[in-house]
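> below is the sequence, then the predicted model.
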Amino acid sequence: MSSNRYEITKEIYITDVISNDDIPSLVKYLNNPNIYANTLRVPYPYTTDDGEAFVQMIKTTSSANNRFFTIRFEENDELIGMCGIHGSDTNNRISEIGYWLGEPYWRRGIASAVITKVLEIAKIQYKNLVRIEAQIYAWNTASRRLIEKCGFTYEGLLRKRVHKNGEDIDIVMYAHIIE
């Protein structure tokens, strides 16, 4: 695994390194009903086993179209969130962005700074990329505002797109077009 590091602020950086040492932080921040309620793929409760499986999945993802970044504190290297670009193996012109940040760090400008940096990296690394999508639960107004702040445009409502907790849930689609 590579070890690229990108400064976000004096206190925060992102890197493409994740290890088993990060599992306690994954459990600490992802074992949260508010994170679960607003993410598409994070289970709740979030256990050490979930963390181990996630770290293993990241380490074995071999597609050149996927890029994951951990969000960390400069002071102690603690993982406090993640942001990733997930590309298609069949269409290298389109990717999807996903992100989460530990709840104590919400509304501090960290997520918007990280997403902006990840978009910058994606534009350089993926020369054929023309579209980055974000799929967000329709009720998640904070995430919708965040992604709009980062230059994404609302494209529409995908009715009953996700099945979670026995319900079919509407998703809103946003896209960042690279020209």
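Sure, I can see it.
> please make it C-alpha for all contacts and neighbour counts, starting now.
Will do.
> what packs against the longest helix along the chain?
Using DSSP state H, we find that the single longest helix of the chain is helix 110-125. For helix 110-125, the elements it packs on are strand 79-87, helix 141-149, judged by 3 or more Cα pairs under 8 Å, 6 or more residues apart in numbering; DSSP states H and E.
> with mean neighbour count and distance to Asn128 added, can I get these in a markdown table?
Shown next, in a markdown table, are these (neighbours: other Cα atoms under 10 Å; distance: least, Cα to Cα, whole Å):
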| stretch | mean neighbour count | distance to Asn128 |
| --- | --- | --- |
| strand 79-87 | 22 | 11 |
| helix 141-149 | 16 | 22 |
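> show me where pLDDT drops low in this structure?
Applying pLDDT under 70 to the chain picks out residues 1-2, 62-63.
> so what sits opposite Ile169 in the bridge?
Beta bridges link Ile169 to Val162, judged by DSSP bridges.
> Asp22 touches Gly81, doesn't it?
No: between Asp22 and Gly81 no contact is recorded; they are 10.6 Å apart, counting by Cα atoms under 8 Å.
> show me where this protein has its helices.
Using DSSP H, the helices assigned to the chain run over residues 23-30, 33-37, 48-60, 110-125, 141-149.
> number of nearby residues for Tyr126?
The local packing of Tyr126 (other Cα atoms under 10 Å) involves 16 other residues.
> can you pull the phi/psi pair for it?
Dihedral pair for Tyr126: phi -110, psi 90, per degrees, to the nearest 10.
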